[in-house]
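Chemist: how would this look folded up:
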Amino acid sequence: AGKSQLVEQVSYRLTAPSLGMEEGSYAYGYLPYYQGLFLAPSAVKNALKGSLLFAKTYSKLGFETLPRDDMKPYDIVTSIKLGSEDKLIDFCGAIQEISPIDSNVKPLPWDMPGYQNQVIMAAGAFIQGSSIELSADSPIKEPYIVYVQGGLTYEHAYLAVLHTLESLNFD
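Modeler: Residues are numbered from 1 along each chain as shown. I've put the predicted structure just below:
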C-alpha cells in the first residue's frame, strides 16, 4: 500500500539507512513479545494473589480494605484504610525497603503537581512507573488510605506484607 519509493524511504527511517526492509518488521525479533504473552498470565495471577493477601491480612487485623477479603478482586490494586498519617508513611517506607531497586531510599510526602494534598509514593521497581510491580502510594489526607498495587511474584508480595506488618508493630 502506497508508493514503493515512499515505503522504501520509511523503511530506512524505521531501521537504519543501510538496512531498510532487509530486517523485517522488528529488527530485534519477536522473542520478547512471545515471552511476554507466555509470562503475562503468571504475572497477573501473582499480582492478584498479592492483592488478596494484603486484603485478607489487613482485614483480619481490623483495617477496612477494598476489595474486601471476601470479594472477588477486579483489579490488582488493594486499598487499605490505615487511619493515620504515621501508619501511612511507615507502610510506604516498608514497601520501599522491601523493593529490589532503591531499597535504601526513604519515601517522603511531597507537593506533587496536580494534587491538592501532599503525596507519598513507594516503588522500588525495575521499570519506573510500572503498575504490575509492587508499589504503594497515597495522598496525605484523611482517612489515610494507601493504594498497594502489583507484585511480579507472590513471594515478593508475601514478604512485603510481613515487612509492612513489622513496620506497623504487628510483629
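
Chemist: helices and strands around the longest helix along the chain, which ones?
Modeler: Among the segments of the chain that qualify as a helix by DSSP state H, the longest is helix 31-60. Secondary-structure packing of helix 31-60 (3 or more Cβ pairs under 8 Å, 6 or more residues apart in numbering; DSSP states H and E): strand 64-66, strand 77-81, strand 145-149, helix 154-167. Yep, even glycine has a C-beta here, placed from its N, CA and C like the rest.

Chemist: okay, the angle between it and strand 145-149?
Modeler: Counting by axes from the mean of the first three to the mean of the last three Cα atoms, to 10 degrees, helix 31-60 lies at 150 degrees to strand 145-149.

Chemist: Just the buried positions in helix 31-60, please.
Modeler: 43, 46-59 (16 or more other Cβ atoms under 10 Å).

Chemist: With respect to Phe38, which of the helices and strands packed on helix 31-60 lies nearest?
Modeler: helix 154-167 (17.9 Å; Cβ to Cβ).

Chemist: Which positions in the closest one come out as buried?
Modeler: Within helix 154-167, the residues that count as buried by 16+ other Cβ under 10 Å are Tyr154, His156, Ala157, Tyr158, Ala160, Val161, His163, Thr164, Leu165, Ser167.

Chemist: Is Ala136 in a helix, a strand, or coil?
Modeler: Counting by DSSP: H, G, I helix; E, B strand; the rest coil, the backbone at Ala136 sits in strand.

Chemist: burial count for the residue nearest to it when sequence neighbours are not counted?
Modeler: In space, and not counting its chain neighbours, Ala136 is closest to Ile95: 4.3 Å by Cβ to Cβ, 6 or more residues apart in numbering. Residues contacting Ile95 under the criterion other Cβ atoms under 10 Å number 25.
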